[in-house]
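Asker: The amino acid sequence is not available; the structure is as follows:
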């Protein structure tokens, strides 16, 4: 059984995305993308949710909504590095037995997918569990039609 007080979902976010600069604050239906992702994580009901932001603007969006956010170094190359720093800052004692990293660009993620990802950590002999999806894009262009 997963105990909510032992689980932390960390959402790493930064404005300097190579593919879509500023994506955490990109407007989706009148609200920043990061806010949609944070709400999905909260709605999953698995425990505390923390946004690890490279910029204060991202943290402020979450805080204004009543969420928990900290500002981490903007120099991290990967989300996992941002998560690690957030854990060193927020949980130096290692109180959380389960930490789930959730990307900041999945605003419509299925709550069951988040729950299943965590279940992989709890029910299997695994140190890490991640959400993955098949890429449905065609790798070739068909110009004859």
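Answerer: That came in fine, so what should we check first? All figures in this text were calculated on a predicted structure; none of them were measured in a lab.

Asker: going forward, measure contacts and count neighbours with C-alpha atoms only.
Answerer: OK.

Asker: in stretch 75-82, what counts as buried?
Answerer: 79, 80, 82 (16 or more other C-alpha atoms under 10 Å).

Asker: What is the end-to-end distance of that stretch?
Answerer: Using C-alpha to C-alpha, to the nearest Å, the end-to-end distance of stretch 75-82 comes out at 9 Å.

Asker: likewise stretch 76-95?
Answerer: By C-alpha to C-alpha, the extent of stretch 76-95 from end to end equals 24 Å.

Asker: Give me the pLDDT value at the nearest residue to residue 96 once chain neighbours are set aside.
Answerer: Closest residue to residue 96 apart from its sequence neighbours, by C-alpha to C-alpha, 6 or more residues apart in numbering: residue 6 at 4.6 Å. We have a pLDDT of 84 for residue 6.

Asker: what's the answer for the one 3 residues further on, then?
Answerer: According to the prediction, residue 9 has pLDDT 93.

Asker: Name the SS class of it, please.
Answerer: strand (DSSP: H, G, I helix; E, B strand; the rest coil).
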